[in-house]
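# What shape does this take:
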Amino acid sequence: MKNLVFVFFLIGMISCGPSTEIVKSWRDPGSVVSPTGNQKVLVVGLVKDESSRRIVEDNLVKRLNGKGVASYSVLTEEMVKAAKEDALNEKLAQGGFTHILMVRLADIEKETSYVPGTTTGYYGGYGRYYGYGAGMYSSPGYYTTDKNYFVETAIYSVTPDKLLWTGTTKTVNPTKMEQTINDIAVAVTDQMKKDGFLIK
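Now for the predicted structure:
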């Protein structure tokens with residue numbers, strides 16, 4: 001696990017924003033996890049700055065019903081930046097963690113689309129037709145650019161060190177970090193249930 005990722009073992013249920021959707025997922029055959037099981041999950045947020053990392057991890061930990069621990073309370077900022085596998089393994093063992101839920105920003109894509117203009121005329125009678133020039137209303141077409149953020153979520157067991165589930169979400173033009181985290185959390189949770197990985 002050289003490349004640390006955000007981590008969240010999402011067990012909360014809220015309404016998912018329409019701007020976030022799962023684009024792909026994979027489950028290790030036979031692997032399942034239950035909210036009532038005996039898990040202790042390390043939640044790691046690999047982001048550019050420490051304050052954002054704490055916001056991400058705190059929001060994800062809230063969804064774990066006491067099973068999640070934010071990595072900033074276990075791993076220093078320097079440790080996360082160095083991403084040394086041995087140091088991570090030592091902390092996982094010391095903390096008695098059973099799982100590590102990781103998420104990373106995999107890609108950002110710009111998508112440009114053209115919105116055609118509209119023209120409306122009034123042809124109800126000859127009077128309106130006579131005033132055709134003044135009665136035409138037109139709005140020009142324009143281009144719009146969306147930013148698509150692809151976030152990859154991965155859940156590993158600690159012993160053995162094994163990938164259990166991974167999924168990628170696409171969020172269009174996110175504006176608020178907390179809402180985006182919530183939307184991704186719901187999309188991921190729903191997909192885990194569909195894949196048969198998260199069971200009641």
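
# Which stretches in this structure count as helices?
50-61, 77-82, 85-95, 126-130, 132-135, 177-194 (DSSP state H).

# what ranges of this structure fall below the confidence cut-off?
Along the chain, segments meeting pLDDT under 70 span 1-18, 119-138.

# In it, mark out all the strands, start to finish.
20-27, 41-45, 68-70, 99-115, 118-120, 137-139, 142-157, 162-172 (DSSP state E).

# picking up where we left off before, out of the helices of the chain, which comes closest to D28?
helix 177-194 (12.1 Å; Cβ to Cβ). Every C-beta, even on glycine, is put in place using the N, C-alpha and C of the backbone.

# Does anything pack onto the closest one? Which helices or strands?
Judged by 3 or more Cβ pairs under 8 Å, 6 or more residues apart in numbering; DSSP states H and E, helix 177-194 is in contact with strand 20-27, helix 50-61, strand 142-157, strand 162-172.

# and these as a markdown table, adding mean neighbour count and distance to T180?
What follows is those, written out as a markdown table (neighbours: other Cβ atoms under 10 Å; distance: least, Cβ to Cβ, whole Å):
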| stretch | mean neighbour count | distance to T180 |
| --- | --- | --- |
| strand 20-27 | 16 | 7 |
| helix 50-61 | 19 | 10 |
| strand 142-157 | 17 | 8 |
| strand 162-172 | 19 | 6 |
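
# Distance to T112 added to these, as JSON lines?
Formatted as JSON lines, those follow (distance: least, Cβ to Cβ, whole Å):
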{"stretch": "strand 20-27", "distance to T112": "19"}
{"stretch": "helix 50-61", "distance to T112": "28"}
{"stretch": "strand 142-157", "distance to T112": "5"}
{"stretch": "strand 162-172", "distance to T112": "13"}
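
# Can you say which of these is nearest to V43?
Closest among the helices and strands packed on helix 177-194, using Cβ to Cβ: helix 50-61, at 4.9 Å.
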